[in-house]
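Peer 1: Dropping a prediction and its sequence here:
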Amino acid sequence: MVNLRGKIYGLDLYDDTLRVATLIAAPGTISIDSLSEIPFNQLRREFFDSGAELYFSVPDDEAVVRRLRLPDDLTLDPEKLALFEFAACLPEDSLNYYLETYRINGERRHLAVAYHRSLVQRRIEQWENLIARPSGFRLRSLALAEGYRRFCRRDGGEVICLINIDSSQTFLVFVNHDAVVSTVALNLQLPDEADSIALKSALIDIAASVRYQNALIFNDGFTAPLSLAVLSGQRANLSLSQELASILRTNVVLPTILNNLLPENQTVSGCQFLVSLGLTTVSA
């Protein structure tokens, strides 16, 4: 049987705005149908096709993320061992969470994520009341990395850092050969560009966080130098990327969505839609 999946929606809610990526999926091919922003108070059920798949993002500060290094015992199942070790370090009973692990480049290292069931269930009910029952969800940082991997022109070497800056959320994702090795949410809001002194101070803090997290993954065995940073999110622009590059002393670029995946006569930078796009690939 051939499964014609049709439309897939990726919903990324930030503050009072919803970023929506709509993907058309058919056997052997994908294409972006539309990228749009909708004020949350204007959201209507009729904006979306009934029966389509729908995936939503979970903010990084609503989940527990750990990097695990497993014992070199080939007799043990690495996936089960990763879940066991991760469950042992959670602040509550593991039954209170949705758990998932990702193997990092075939090594006995895993990135593990725990989503609190009560918070996720609340979001599921919210989307069901507004649009339809969701098909699944993903952490914002992991969706960002997947959006960059699947939809953007690729730059950089072995280790890159994705920096997402919205009005009220900033997070970092370190990627090694397409695998996410570290993700961290920063307790930082970027000041308005009119306040140049405060803005410069915030960018210095972001750069310091990038260096610190890079040192942590270096100590964990990912020793290739940071070759590139990719700036995305609501606040991303060329001026900000250039200023951050001068502080970080690393090339900082804006993401560019591959033209062959975009609708005809439409071009976007991709800065604001990587999370939404990554969500459309949750079940791929």
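Peer 2: Thanks, I have it.
Peer 1: which other residues reach stretch 170-177?
Peer 2: 60, 104-105, 140-142, 144-145, 148-149, 158-164, 180-186, 188-190, 206, 209-210, 213-214, 217, 222, 224, 233 (Cβ atoms under 8 Å, 6 or more residues apart in numbering). Any C-beta I mention is one placed from the backbone N, CA and C, and that applies to glycine too.
Peer 1: Quick check: buried residues in it?
Peer 2: 170-176 (16 or more other Cβ atoms under 10 Å).
Peer 1: quick one on the thing from earlier: from the contacts of stretch 170-177, which ones fall inside strands?
Peer 2: 159-164, 180-186 (DSSP state E).
Peer 1: Include pLDDT when you put the residues you listed into CSV, please.
Peer 2: Shown next, in CSV, are these (pLDDT from 0 to 100):
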residue, pLDDT
Val159, 93
Ile160, 96
Cys161, 97
Leu162, 97
Ile163, 97
Asn164, 95
Val180, 95
Val181, 94
Ser182, 94
Thr183, 95
Val184, 94
Ala185, 93
Leu186, 92
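Peer 1: Now rank those by neighbours and give me the top one.
Peer 2: Greatest neighbour count in those, by other Cβ atoms under 10 Å, goes to Asn164: 28 neighbours.
Peer 1: What's the end-to-end length of stretch 227-244?
Peer 2: One end of stretch 227-244 sits 14 Å from the other (Cα to Cα, to the nearest Å).
Peer 1: For this protein, list the residue farthest from the centre, please.
Peer 2: The outermost residue of the chain relative to its centre, with distances by Cα atoms, centre = their mean, is Thr75 at 33.3 Å.
Peer 1: so it is in which element?
Peer 2: According to DSSP states H and E, Thr75 maps onto no helix or strand at all.
Peer 1: Let's see the pLDDT reported for it.
Peer 2: Note for Thr75: predicted pLDDT of 71.
Peer 1: Excluding chain neighbours, give the residue nearest to Ala132 in space.
Peer 2: Leu54 (5.8 Å; Cβ to Cβ, 6 or more residues apart in numbering).
Peer 1: what about that neighbour, distance to Leu279?
Peer 2: Remark: distance between Leu54 and Leu279 (Cβ to Cβ, to the nearest Å) = 9 Å.
Peer 1: Going along the chain, name the strands of the stretch 1-150 of the chain.
Peer 2: For the stretch 1-150 of the chain, strands defined by DSSP state E, counting those that start in this stretch occupy the ranges 6-14, 17-26, 29-39, 53-58, 63-69, 97-103, 109-116, 136-139.
Peer 1: pLDDT averaged over the shortest one, what's the number?
Peer 2: So the one you mean is strand 136-139. So the average pLDDT for strand 136-139 ends up being 97.
Peer 1: Report the buried residues of it.
Peer 2: Those would be 137-139, for strand 136-139 by 16+ other Cβ under 10 Å.
Peer 1: Run through the stretch 151-284 of the chain and note the low-pLDDT ranges.
Peer 2: 267, 284 (pLDDT under 70).
Peer 1: now the strands of the stretch 1-150 of the chain as CSV including distance to Ser246?
Peer 2: Formatted as CSV, the strands of the stretch 1-150 of the chain follow (distance: least, Cβ to Cβ, whole Å):
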stretch, distance to Ser246
strand 6-14, 27
strand 17-26, 29
strand 29-39, 30
strand 53-58, 31
strand 63-69, 30
strand 97-103, 33
strand 109-116, 31
strand 136-139, 30
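Peer 1: Can you tell me which of these is nearest to Phe47?
Peer 2: strand 29-39 (7.0 Å; Cβ to Cβ).
Peer 1: What is that closest one packed up against?
Peer 2: Judged by 3 or more Cβ pairs under 8 Å, 6 or more residues apart in numbering; DSSP states H and E, strand 29-39 is in contact with strand 17-26, helix 274-279.
Peer 1: Buried ones in stretch 145-154, by neighbour count?
Peer 2: Buried-residue list, stretch 145-154, by 16+ other Cβ under 10 Å: 145-152.
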